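Participant: Sequence first, then the predicted structure, then my questions.
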Amino acid sequence: MKHTQMILQEAITNNRLLYMAFELSEKKWKLMFSNGVKRRQRTIESRDLNRLLLEIRQTQEKFQMAGEVEVMSCYEAGRDGFWLHRFLTGQGIKNLVVDSASIEVNRRQRRAKTDRVDAEKLLNMLVRHVHGERKHWSVVRVPEEVAEDARRLSRELERLKKERTAHTNRIKSLLVLHGVTGVMISSSFQGQLEGVRLWNGKLMPEQLKQELIREYERYRLIQTQIRQLTLQQREQLKTDCPQAAQVRALGRLRGIGPVGSWKLVYEFFSWRRFANGKQVGAAAGLTPTPYASGTMSRELGISKAGNRRIRHVMIEMAWQWVRWQPDSELSKWFIQRFGSGTARMRKTGIVAVARKLLIALWRYLEQGCMPEGALVMGKA
């Protein structure tokens with residue numbers, strides 16, 4: 001990092017640093033260039049990489065930037081993901097992917113918003129970032145391609161389970177809508193429909209029956225895919241890769257299930273590097289948000305500025321930890337401080353447990369430090 005800053009500082013001094021900001025959309029890309037004094041705006045077709053490189057060279061000539069020019073660029077994280085970042089870095093361009101929610105905006109009720117305005121805003125903030133301001137926006141950590149691909153399995157499973165729930169609810173709703181109960185969603189579902197009677201004793205209408213059958217067929221397809229992906233997960237855990245070893249290590253702790261341990265490793269621990277516990281909690285969005293002005297001081301809750309999947313799984317895991325690890329120091333702390341409180345106090349306390357537990361699990365994987373008082377599977 002220090003070496004990069006020295007290179008950028010030298011480039012600024014010798015007028016060899018070109019700033020570039022992207023405003024990405026489906027059909028057009030808005031490019032905003034600057035050398036610190038002059039500015040140039042261009043619009044190109046989306047994903048036209050050859051034209052992009054041509055515009056960079058033409059801008060350098062227009063700004064009369066001789067010699068080896070350093071290019072610093074940025075764009076907002078969004079649907080395009082990280083492929084553009086990897087292309088730019090492969091071309092020797094230093095690029096930043098910026099968290100959209102962290103970008104400063106005018107708080108007036110009515111404010112101008114166009115692609116040009118957004119690109120200019122990004123360019124201004126990029127210049128500020130290069131000159132030393134680091135807290136005016138949040139830069140996204142870009143995973144390696146292998147690490148990003150490894151997350152696909154659990155994310156697809158998560159989506160499939162939501163779709164399965166939607167089909168289950170739809171089938172049940174259609175049956176209840178006509179006063180039908182007692183039909184089980186199982187392998188004999190279609191056979192059960194043949195003898196079903198409505199609330200008034202009539203046979204089920206044909207169109208309703210066909211809709212239920214189609215819903216069940218979609219449900220059955222999703223069930224098959226879930227079983228296939230679950231089997232793939234189990235086979236992957238038998239390998240000798242470092243990620244599988246971490247999942248197995250977490251799974252040995254009581255209260256940490258296979259789904260939670262998989263998400264923690266592949267979504268969080270396997271590709272992120274943390275210097276301390278504060279960074280761990282902040283990356284999951286589990287850090288408190290104080291609001292103090294004058295004599296007023298209160299908490300706004302957790303920041304929710306990190307990985308939402310990890311945040312959700314840690315809240316669930318915290319409840320399981322208190323249940324299955326009652327003799328651990330963390331569970332004792334929760335019971336002593338929040339056990340006799342209201343339901344709202346316990347919900348607040350469980351968030352603190354989630355943050356502390358996440359940090360403890362990070363130390364367990366990184367340093368081998370077992371959470372205090374924790375039990376492993378098979379041991380009382």
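Facilitator: Thanks, I have the structure now. Residues are numbered from 1 along each chain as shown.
Participant: can we go C-alpha only for contacts and neighbour counts from here?
Facilitator: OK.
Participant: Next, the contact list for residue 29, please.
Facilitator: Residue 29 sits next to 22-23, 43-46 when contact means C-alpha atoms under 8 Å, 6 or more residues apart in numbering.
Participant: Could you do residue 74 as well?
Facilitator: 20-22, 95-98, 122-123, 126.
Participant: please redo it, this time with the cut-off set to 6 Å
Facilitator: Contact analysis of residue 74 by C-alpha atoms under 6 Å, 6 or more residues apart in numbering lists 21, 95-97.
Participant: okay, now the domains of this protein?
Facilitator: Split into domains by automatic domain parsing, the chain comes to 2-142, 149-237, 242-367.
Participant: Show me the strands in the stretch 151-300 of the chain, by range?
Facilitator: In the stretch 151-300 of the chain, the strands defined using DSSP state E, counting those that start in this stretch lie at 288-293, 296-302.
Participant: Among the contacts of residue 74, which lie within helices?
Facilitator: Taking DSSP state H, every one of those sits outside helices.
Participant: Greatest separation within those: which pair is it?
Facilitator: The most widely separated members of those are 21 and 97, with 10.5 Å between them, by C-alpha to C-alpha.
Participant: The two: who's more crowded?
Facilitator: Neighbours of residue 21 and residue 97, each counted by other C-alpha atoms under 10 Å, are more numerous for residue 21; the result is 27 against 20.
Participant: give me the beta-bridge partners of the more buried one?
Facilitator: residue 32, residue 74 (DSSP bridges).
Participant: Wait, it touches residue 73, no?
Facilitator: Yes: in this structure, residue 21 is within contact of residue 73 by C-alpha atoms under 6 Å, at 5.4 Å.
Participant: What residues sit buried inside the longest helix along the chain?
Facilitator: For the chain, the helix with the greatest residue count under DSSP H is helix 206-237. Residues of helix 206-237 classed as buried by neighbour count (16 or more other C-alpha atoms under 10 Å): 209, 212-213, 215-216, 219-220, 222, 226, 229-230, 233, 237.
Participant: returning to what we had before: put together JSON lines for the strands of the stretch 151-300 of the chain, with mean neighbour count, mean pLDDT and distance to residue 251 on each row.
Facilitator: Converted to JSON lines, these look like this (neighbours: other C-alpha atoms under 10 Å; pLDDT from 0 to 100; distance: least, C-alpha to C-alpha, whole Å):
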{"stretch": "strand 288-293", "mean neighbour count": "12", "mean pLDDT": "81", "distance to residue 251": "28"}
{"stretch": "strand 296-302", "mean neighbour count": "11", "mean pLDDT": "80", "distance to residue 251": "27"}
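Participant: how much space is there between residue 283 and residue 268?
Facilitator: With distances taken as C-alpha to C-alpha, to the nearest Å, residue 283 is found 9 Å from residue 268.
Participant: Equivalent analysis for residue 237, please.
Facilitator: Taking C-alpha to C-alpha, one finds residue 237 at 17 Å from residue 268.
Participant: Which residue is the nearest non-sequential neighbour of the residue nearest the centre of the chain?
Facilitator: Compute the mean C-alpha point of the chain, and by C-alpha atoms, centre = their mean the closest residue is residue 307, 4.2 Å away. Computed as C-alpha to C-alpha, 6 or more residues apart in numbering, the closest residue to residue 307 that is not its neighbour in sequence is residue 284, at 4.8 Å.
Participant: Tell me the predicted confidence for that neighbour.
Facilitator: Note on residue 284: pLDDT of 92.
Participant: got it, and residue 115?
Facilitator: 86.
Participant: With residue 11 instead?
Facilitator: 56.
Participant: cool, and residue 94?
Facilitator: 95.
Participant: how many other residues sit next to it?
Facilitator: Neighbours of residue 94 (other C-alpha under 10 Å): 17.
Participant: again with residue 344
Facilitator: Going by other C-alpha under 10 Å, the residues that sit close to residue 344 add up to 10.
Participant: Over to the one 4 residues further on?
Facilitator: Other residues lying near residue 348 total 14 when counted by other C-alpha under 10 Å.
Participant: what are the phi and psi values for it?
Facilitator: phi -70, psi -40 (degrees, to the nearest 10).
Participant: if I look at it, how far off is residue 337?
Facilitator: In terms of C-alpha to C-alpha, residue 348 sits 11 Å off from residue 337.
Participant: what's the answer for residue 307, then?
Facilitator: Distance from residue 307 to residue 337, by C-alpha to C-alpha: 27 Å.
Participant: same question, residue 299
Facilitator: Taken as C-alpha to C-alpha, the span from residue 299 to residue 337 is 18 Å.
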